[in-house]
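Asks: Just need the structure, nothing else, for what follows:
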Amino acid sequence: MLKLLGLVAAGLVLGQDPSQDPADTAPIVNPGAPGAATRQITAGEAVDLSRTTHTAEDVRFMQHMIVHHAQAVEMVALLETRGSSPAVRTMGRRIALSQEAEIDLMRNWLLSRGLPLEPTDLHAGHTMTPAPASGGHDGHAGHMDHGAGHDAHGTAAAPTDPDEIPLMPGMLSPAQMRRLAAAEGPEFDRLFLSGMIQHHQGALDMVDELLALPDSGNDPMLSDFLSSVVADQSAEILRMQSLLSDH
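Replies: From the prediction side, this is the model:
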């Protein structure tokens, strides 16, 4: 998106008639990150934006999201043999296809830049940097601590058993994955839906956290990916909530 914006801006700069009144030229609008307002920018600013490179936090986000997505695919694999609802199974397959494609995109993004695929900072209970109070999705203003649980009122209640601590926001803990793998039929469907809703919300929290950091999320391909994650997973959360209400 930003790359295209830069190309258009460059064409305007190089092809502009010197005698033309700048007030007569069409405005260039910079679309904001998800949830942010757009703003009008100059052609020069648009060209600068098109040259934006990734940050260390962008790299960390992509490495972490690969791990995050991989667990969702693992959850769908369990659904194929242990679930009972055709509607839930169809939903799961759609999620798996989407997340497998996004894993390929993230791997290619990292490899094309000569960056490692695996993060070096993942461990149970790893704490994420809190985000400003204004940026959350679905009423979640801040971001999860990797090891923190939340009661019905949103009050943090960190588990003490390492087996109950997920690697990152929204991921199921080892204990949750074992409970899912042990369930069958309608009980599995309920655990799958509630777990995947938690999983998707965690991904939205990770996007919020990245966009709250200075200069992060501006890489053109990454920016498009973030917008896709927010749109797709927000819609899937609503669909899964509807399915869960039927179970």
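Asks: Which secondary structure element is home to Leu105?
Replies: Assessed by DSSP states H and E, Leu105 sits inside helix 86-112.
Asks: Which strands or helices does that helix pack on?
Replies: Helix 86-112 is packed against helix 56-82, helix 185-211, helix 220-245, with contacts defined by 3 or more C-beta pairs under 8 Å, 6 or more residues apart in numbering; DSSP states H and E. For the C-beta atoms, the positions are set from N, CA and C on the backbone; glycine is no exception.
Asks: Would you convert these into JSON lines that also reports mean pLDDT and mean neighbour count?
Replies: Supplementary listing: those in JSON lines, determined by pLDDT from 0 to 100; neighbours: other C-beta atoms under 10 Å:
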{"stretch": "helix 56-82", "mean pLDDT": "96", "mean neighbour count": "19"}
{"stretch": "helix 185-211", "mean pLDDT": "97", "mean neighbour count": "22"}
{"stretch": "helix 220-245", "mean pLDDT": "96", "mean neighbour count": "17"}
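Asks: Quick one: closest of the ones you listed to Ala43.
Replies: The closest of the helices and strands packed on helix 86-112 to Ala43 is helix 220-245. By C-beta to C-beta, the value is 17.3 Å.
Asks: Buried ones in the helix holding Leu105, by neighbour count?
Replies: Buried residues in helix 86-112, counting neighbours by 16 or more other C-beta atoms under 10 Å, are found at 88-89, 91-92, 95-96, 98-99, 102-103, 105-106, 109-110.
Asks: re earlier: export the helices and strands packed on helix 86-112 to a markdown table and tack on distance to Met168?
Replies: Converted to a markdown table, the helices and strands packed on helix 86-112 look like this (distance: least, C-beta to C-beta, whole Å):
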| stretch | distance to Met168 |
| --- | --- |
| helix 56-82 | 6 |
| helix 185-211 | 7 |
| helix 220-245 | 14 |
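Asks: I am finished for the moment; much appreciated.
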